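Q: with the sequence up front, the predicted model follows.
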Amino acid sequence: MNRAHSLDRIDAVPASNPELSVICANADAALGLSPMRVLVIEDDAEAAAYIARGLKEQGHLVENATDGETGLARAREDRFDALIVDRMLPHVDGLTIVATIRDEGVRTPVLFLSALGEVDDRVKGLKAGGDDYLTKPFAFSELTARLDALVRRGSPDEIRTKFVVSDLEIDILARSCKRGGERIDLQPREFKLLEYLMRNAGQVVTRTMLLENVWEYHFDPQTNVIDVHISRLRSKIDKRFGEPLLHTIRGAGYSLRAPA
Amino acid sequence: MPLLRLLNTTTFRLAIAYMVLFAVSGFALIGIVYWSTTSFMSRQTDATVAAEIQGLVEQYQTGGIQRLISVIQARSRVAGDSLYLLAEADGTAIVGNLSAWPDVVPDEDGWITLEFERPLDTGPELHQARARIAPVEGRFRILVGRDIEQRMHIVATIRNSLGWALAITAALGLLGGALLARYTMGRLDEINRTSRRIIQGDLSRRVPVRGSGDELDQTADNLNAMLDQIERLMMGMRQVTDNIAHDLRSPLNRLRNRIEVTLMEARGDEAYRAALESTIDEADELINTFNALLSIARVEAGALREDMSELDLSQLARDVAELYEPLAEERGIELAAQVSEGLRLRGNRELLSQSIANLVDNAIKYSPSGAKVTLRVTPMPDNAVRIEVADQGPGIPAGERENVTKRFVRLEESRSEPGVGLGLSLVAAVVRLHHGALELSDPAEGSGLLVVVELPLA
């Protein structure tokens, strides 16, 4: 699992950590943080309350369903920005709920929660129509980062080949990267890493998300190898160019974003 | 053994069914012999009697009554088994060895069965005879018969032996059935007794085997093999539980202590924050350990066998090397990947990646700065592939290597480093899942550890 300090983004940021407060303020400004309507279908009351509280503190609107039947009925209404669905539920299980609403044409992004959490379970969840999968116990920062990525990634039909953040730009087709007009040479994996960060620009991306999406690994290496990859990338895209774009969000992950 | 139980066994019932079958067939066999013997004998008697009457009538036709009388007189003298009587039409005896015309109504062919007194050396005996009566020209009647007492004896003997045969078959059948039932029941009782002991908790019990190799021995052997397997699994489970307890107890304890100490006296926000952050770190570590244990248990149980697919091991190894290359460089370690092309096998991509990653991770972790870590993937002659990870770290003492590959066992020294031993345990479990072999040895040159994994190719 990630070593996230989950409460960073929920709790008031202490004044004694100016770097962090600046980043968070920037993030809020950059994202505008429009509130999301989130339906949490989770029968464990304590877990549901924990998720709801955390999301509410971030300004989101949270509804809760404690069993599969109620969850399915509400999810069908198709008025949420995201669904957080537990796999194991009374009456109707999570997989069935998602498969059912997908059949009915509801395309609300779904994040599965599961205590089972092995590769095959994840594959089953994604096959049923889930968009992402998170294993309990998880860090709250992991949940919000994934939720943000799901809600903000936009329509899957939309194909973009160029991404620009401040004066950094990449062209997916040409496999080229430039900052301030200056060409930067990247290794294929570095390019993929940067591409993922650019696609999720302005949002927090966790180490696990990077491992899953850039390396396609669903296990966590014993040593944190991602940090080293990030600092390599940083030395290429940030070092020689004044204002840094690639930030480390302490206890959560990384974020690529334009200066305020 | 109670009789009622004995009668109630399958073996006994089978034995009785066989007994009845044998009795019926024996009865039928002897019955056929009886029937054919008696009918043959009576047909023979009837035929000779009929022929003799025919002969006598012909004597009469050629020589008249005088000739017939003299012939009957002559034959009567040496009669033996034969009976003769010539009489007037009204039944008055003329000549023969029968004293009077029998008062028996003949059937339409003239056959009768009569009783007569036969003079023997031991005195007269009442015998049965079969005879035929024939008219001679309407004026006389003639009777020719045979003593059938002997024939009756034979028939009685056959009938007797039939009865005895039945009785003996029944007795033997009952006895054999009982013995057979007792034997099998005894063997099954042994099995049942052992089973009950095991149910009561004595898992070390085994069903006795007689060594005869019969089906009951085979059953006992299979039961014992099953029990061995169950015991092995139980042992494994116990070991796992022990190790989980061991792996989780100390970090849980640390976690609890830290919180307790933090709360002992009032501190500033900053101190609480720092304590909470360390607590989260420790909780994450616990979760890591727990997940690692869970993964190993699932791999051990073969639960991920269905997730096997054809994969390019060369690519997979290169990806892992690429993942770790920056880390190695940062630590001043040279990571050399020597991977042969196009090695494909059937396996679980995720688990194989994680295993190679664990090996490389360990190698980097234990190597000093300036050292070299080598990941080598090469084909083997007999359709197998060899994965080697060599480091220049402190290595593992030869005596302890065996332990490391065993499930959940780790070196005491590495206990302080979270997840290390579990990493190798997972590798061992994954290698087993892929029917491969894991070996720890010395590198060809210098000190350190060489981990060799051999996997069969697709």
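A: Yep, that arrived. The shown structure was predicted, so the numbers you read here are calculated from the model rather than taken from an experiment. Numbering: from 1, shown residues only, chains lettered A, B, ... in the order given.

Q: correct me, but residue A:163 touches residue A:191?
A: No. Applying C-beta atoms under 8 Å, one finds residue A:163 not in contact with residue A:191, separated by 11.6 Å. All C-beta atoms are positioned from the backbone trio N, CA, C, and that covers glycine.

Q: what touches both of those two?
A: residue A:170 (C-beta atoms under 8 Å, 6 or more residues apart in numbering or on different chains).

Q: all helices for the stretch 301-450 of chain B, in order.
A: Using DSSP state H, counting those that start in this stretch, the helices of the stretch 301-450 of chain B run over B:313-330, B:349-366, B:398-405, B:420-433.

Q: what's in contact with stretch B:129-140?
A: Applying C-beta under 8 Å, 6+ apart, the external contacts of stretch B:129-140 come out as B:42, B:45-46, B:49-50, B:53, B:57, B:60, B:65, B:68, B:83, B:86-89, B:94, B:102, B:106, B:109-116, B:141-149.

Q: out of those residues, which are inside strands?
A: B:83, B:86-88, B:94, B:111-116, B:141-147 (DSSP state E).

Q: one step back: can I get the buried part of the contacts of stretch B:129-140 as one ChimeraX selection?
A: Filtering the contacts of stretch B:129-140 down to the buried ones (16 or more other C-beta atoms under 10 Å in any protein chain shown) takes a single ChimeraX command:
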select /B:45,49,50,53,60,65,68,83,86,87,94,102,106,110,111,112,114,116,141,142,143,144,145,146,147,148,149
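
Q: which of the contacts of stretch B:129-140 are close to chain A?
A: With C-beta under 8 Å from any C-beta of the partner chain as the criterion, those include none near chain A.

Q: mind listing the residues bridging to residue B:438?
A: Note on residue B:438: beta-bridge partners by DSSP bridges are residue B:453.

Q: list the contacts of it.
A: Applying C-beta under 8 Å, 6+ apart, the residues contacting residue B:438 are B:405, B:427, B:428, B:431, B:451, B:452, B:453.

Q: among those residues, which one lies nearest to residue A:167?
A: Among the contacts of residue B:438, residue B:427 lies closest to residue A:167 (C-beta to C-beta), at 45.7 Å.

Q: ok, that closest one - contacts?
A: Contacts for residue B:427 (C-beta under 8 Å, 6+ apart) come out as B:355, B:358, B:359, B:438, B:451, B:453.

Q: which residue packs closest to the second one, ignoring adjacent ones?
A: In space, and not counting its chain neighbours, residue B:358 is closest to residue B:423: 3.9 Å by C-beta to C-beta, 6 or more residues apart in numbering or on different chains.

Q: neighbours around that neighbour, how many?
A: If you count neighbours by other C-beta atoms under 10 Å in any protein chain shown, residue B:423 ends up with 24.

Q: can you name the residues that contact the residue in the stretch 201-350 of chain B positioned nearest to chain A?
A: The minimum distance from the stretch 201-350 of chain B to chain A, using C-beta to the nearest C-beta, falls at residue B:326 (4.1 Å). Residue B:326 makes contacts with A:225, A:228, A:229, A:232, as judged by C-beta under 8 Å, 6+ apart.

Q: relative to residue B:331, how far out is the residue lying closest to it once chain neighbours are set aside?
A: Using C-beta to C-beta, 6+ apart and skipping the chain neighbours, the partner closest in space to residue B:326 is residue A:228 (4.1 Å). For residue A:228, the distance to residue B:331 equals 9 Å [C-beta to C-beta, to the nearest Å].

Q: what helices and strands are in contact with the strand or helix carrying residue B:218?
A: Element membership for residue B:218, per DSSP states H and E: helix B:215-264. Contact analysis of helix B:215-264 by 3 or more C-beta pairs under 8 Å, 6 or more residues apart in numbering or on different chains; DSSP states H and E lists helix B:149-199, helix B:269-300 as its packing neighbours.

Q: average pLDDT for that helix?
A: Averaging pLDDT along helix B:215-264 gives 83.

Q: and that helix, how far out from the chain's middle?
A: Put simply, helix B:215-264 sits 33 Å off its chain's centre (C-alpha atoms, centre = their mean, to the nearest Å).

Q: also stretch B:442-458?
A: 45 Å.

Q: what's the average pLDDT for that stretch?
A: Across stretch B:442-458, the average pLDDT comes to 85.

Q: so which bits of it are buried?
A: Applying a neighbour-count criterion of 16+ other C-beta under 10 Å, one finds B:443, B:448, B:449, B:450, B:451, B:453, B:454, B:455, B:456 buried in stretch B:442-458.
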